[in-house]
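A.B. asks: One predicted model, sequence on top.
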Amino acid sequence: MSQAKPDGVTPSQTVGPYFAYGLTPGDKYDWNDAFGNNLVTPDASGERIRVEGTVFDGDGVPVVDCMLEIWQADAQGRFSDPQDKRAIPNSSFKGFGRVGTDAKGGYAFDTITPGSVPDPDGKPQAPHIVIAIYARGMLLHLYSRIYFDGDAANAADPVLALVPADRRATLVATRQPGDKAVYRFDIHLQGDKETVFFDV
Amino acid sequence: MTLVYPVQSLAAHPPRLSPGYKSTVKRSPTKPLIPMRHTLSELTGPVYGHETVREHDHDLTVHGKAEPIGERIIVHGNVLDEDGRGVPNALVELWQANSCGRYVHVVDQHPAPLDPNFTGAGRAQTDAKGYYRFVTIKPGAYPWGNHHNAWRPAHIHFSVFGYSFVSRLVTQMYFPGDPLFPFDPIFNSVTDEKARNRMISSFDLENTKPDWALCYRFDIVLRGRNATPMETK
């Protein structure tokens, strides 16, 4: 049943400096986490990866009171959402993660490399994770995408193609040396190295 | 039902750079955001199970060993889409200061007492019609360092998940008639008065519980409207 049609959306406000005990309590506060930064479930197929980085403000100072949320497809490119008709309902991989930055502005997610998801025309997009960034001083969260270093599909990705060539690198997580699949994705809210954010 | 998320809906939100709120100056992008078409990555969103919201998570007055100090209130309403349809099974997270205006957070050192029986965190899930309900304590105003003698109007933080990643909303609910409204750069970062008023709850006498709690109503409108326009009769 519909109510009177609203005259618009409820405006966004900042998450503020004190969200941690409600949204990312971890073991610091007497509350339970609804979501964590480890997305891997035992039944999830695909390459286990870690995505880590630091969030910086316009002065290059680490943002220590930031919350990051990611959303991604499984290794087959399907979202755990009934709106994705291709999803496997019984899979336990949820594809959603949340983390607060630490005292050095750092964060990490443990997850799997997502599969390719089609664009509205049915063309494949390069594997990517979407990310939302919330913090004190941010009245409306920012939206970006994490792509993966060395993936040949990046060259044909329709969203990366919208980004000026000299800024594309800000959306590509760099593979770190070592045996483990660790990707670095720093976020610069402002400045010369400003991360590309999308108007979605 | 297929929903669309027009970019025009975003006009209600505050500009990211609102210099009156000083922290925005170094934390807002300076380069233009890049428009893009929504793909499945934007049009889908997380689904959570019943394990996410426990039986008493919505009642912040029963999380301690005894009742918290302050004015007990009911905060309830509907989570709606832009067409006014209830959003079922939406996760609503809430956090707030205690009745003295003090947050449990380690960074909040404002000289007001903590309440051992109040953490200020809660969680609820909307029912099949989009309705949610919390029981809590009315939060106090508190000072902050933005400018001389700056005080935040009493508010409750809300985090809401809708149908998709692009309907995600974090906002603050205010209380009607707060004398601090004209002086608060966060509240006033929303430049349109009608939009600003959508962040103010309404006093709901009809749903107060006599001899127990006052009630405030806060409807939350998320992005999203029917892909095919509704029939007009």
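C.D. replies: Arrived safely, thanks for sending.
A.B. asks: Every contact and neighbour count from this point should use C-alpha atoms.
C.D. replies: Will do.
A.B. asks: for the longest strand seen in chain B, packing partners?
C.D. replies: In chain B, taking DSSP state E as the definition, the longest strand is strand B:72-80. Applying 3 or more Cα pairs under 8 Å, 6 or more residues apart in numbering or on different chains; DSSP states H and E, one finds that strand B:72-80 makes contact with strand B:131-137, strand B:214-217, strand B:220-221.
A.B. asks: Show me what the second one pairs with in its sheet, parallel or antiparallel.
C.D. replies: Partners of strand B:214-217 in the sheet, by DSSP bridges, are strand B:72-80 (parallel), strand B:202-203 (antiparallel).
A.B. asks: Other residues contacting the helix or strand just after the longest one?
C.D. replies: When you say that, I think you mean strand B:72-80. Once the chain leaves strand B:72-80, the next helix or strand it forms, by DSSP states H and E, is strand B:91-96. Strand B:91-96 has contacts (Cα atoms under 8 Å, 6 or more residues apart in numbering or on different chains) with A:19, A:21-23, B:48, B:103, B:120-126, B:132, B:139, B:155-162.
A.B. asks: just how off-centre is strand B:91-96 within its chain?
C.D. replies: 7 Å (Cα atoms, centre = their mean, to the nearest Å).
A.B. asks: if I look at the most centrally placed residue in chain B, how far off is residue B:220?
C.D. replies: Centroid-nearest residue in chain B, with Cα atoms, centre = their mean: residue B:158, separated by 2.8 Å. According to Cα to Cα, to the nearest Å, residue B:158 stands 9 Å off from residue B:220.
A.B. asks: can you pull the contacts of residue B:115?
C.D. replies: Residue B:115 neighbours (Cα under 8 Å, 6+ apart): B:68-69, B:98.
A.B. asks: Kindly apply the preceding question to residue B:99 instead.
C.D. replies: B:69-71, B:137-140.
A.B. asks: what about burial for those, which qualify?
C.D. replies: Among the contacts of residue B:99, those buried by neighbour count (16 or more other Cα atoms under 10 Å in any protein chain shown) are B:69-70, B:137-140.
A.B. asks: would CSV of these with pLDDT and distance to chain A be doable?
C.D. replies: CSV is the format used below for the buried ones among the contacts of residue B:99 (pLDDT from 0 to 100; distance: Cα to the nearest Cα, whole Å):
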residue, pLDDT, distance to chain A
B:69, 98, 18
B:70, 98, 20
B:137, 98, 15
B:138, 98, 17
B:139, 98, 14
B:140, 98, 15
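A.B. asks: would you put the C-alpha positions of stretch B:84-97 in PDB?
C.D. replies: Output in PDB follows, covering the C-alpha atoms of stretch B:84-97 (Å, rounded to 0.1, in the frame of the first residue of the first chain):
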ATOM      1  CA  GLY B  84       5.900   6.200  -1.100                       C
ATOM      2  CA  ARG B  85       5.900   2.400  -1.000                       C
ATOM      3  CA  GLY B  86       7.200   0.800   2.200                       C
ATOM      4  CA  VAL B  87      10.600  -0.900   1.900                       C
ATOM      5  CA  PRO B  88      10.200  -4.300   3.600                       C
ATOM      6  CA  ASN B  89      13.000  -6.100   5.500                       C
ATOM      7  CA  ALA B  90      15.300  -3.000   5.400                       C
ATOM      8  CA  LEU B  91      18.100  -2.900   8.000                       C
ATOM      9  CA  VAL B  92      18.000   0.200  10.100                       C
ATOM     10  CA  GLU B  93      21.000   0.900  12.400                       C
ATOM     11  CA  LEU B  94      20.900   3.600  15.000                       C
ATOM     12  CA  TRP B  95      23.500   5.200  17.200                       C
ATOM     13  CA  GLN B  96      23.300   8.300  19.500                       C
ATOM     14  CA  ALA B  97      24.600  10.200  22.500                       C
END
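A.B. asks: What residues sit buried inside it?
C.D. replies: For stretch B:84-97, the neighbour count (16+ other Cα under 10 Å) marks B:84-97 as buried.
A.B. asks: got it, and stretch A:164-174?
C.D. replies: A:168-174.
A.B. asks: again, but for stretch A:191-200
C.D. replies: Along stretch A:191-200, these residues count as buried under the neighbour rule (16+ other Cα under 10 Å): A:191, A:193-200.
A.B. asks: likewise stretch A:85-99?
C.D. replies: By neighbour count with 16+ other Cα under 10 Å, stretch A:85-99 contains the buried residues A:87, A:93-99.
A.B. asks: tell me the SS of residue A:167?
C.D. replies: helix (DSSP: H, G, I helix; E, B strand; the rest coil).
A.B. asks: quick one: it and residue A:191 touch, right?
C.D. replies: No: here residue A:167 does not reach residue A:191: they are 12.0 Å apart, not a contact under Cα atoms under 8 Å.
A.B. asks: about what we covered before: determine the angle, from 0 to 180 degrees, between the longest strand of chain B and strand B:91-96.
C.D. replies: 140 degrees (axes from the mean of the first three to the mean of the last three Cα atoms, to 10 degrees).
A.B. asks: Show me where chain B has its strands.
C.D. replies: Using DSSP E, strands in chain B cover B:3-4, B:34-35, B:72-80, B:91-96, B:121-125, B:131-137, B:142-144, B:150-152, B:155-160, B:169-174, B:202-203, B:214-217, B:220-221, B:225-226.
A.B. asks: Each with direction, which strands does the fifth one pair with?
C.D. replies: Looking at strand B:121-125 with DSSP bridges, its partner strands are strand B:91-96 (antiparallel).
A.B. asks: For residue 38, which non-adjacent residue is closest in space?
C.D. replies: Unless you meant another one, I'm taking chain A. residue A:110 (4.7 Å; Cα to Cα, 6 or more residues apart in numbering or on different chains).
A.B. asks: Chain B was what I was after
C.D. replies: Nearest one to residue B:38, counting by Cα to Cα, 6+ apart, is residue A:200 at 7.0 Å.
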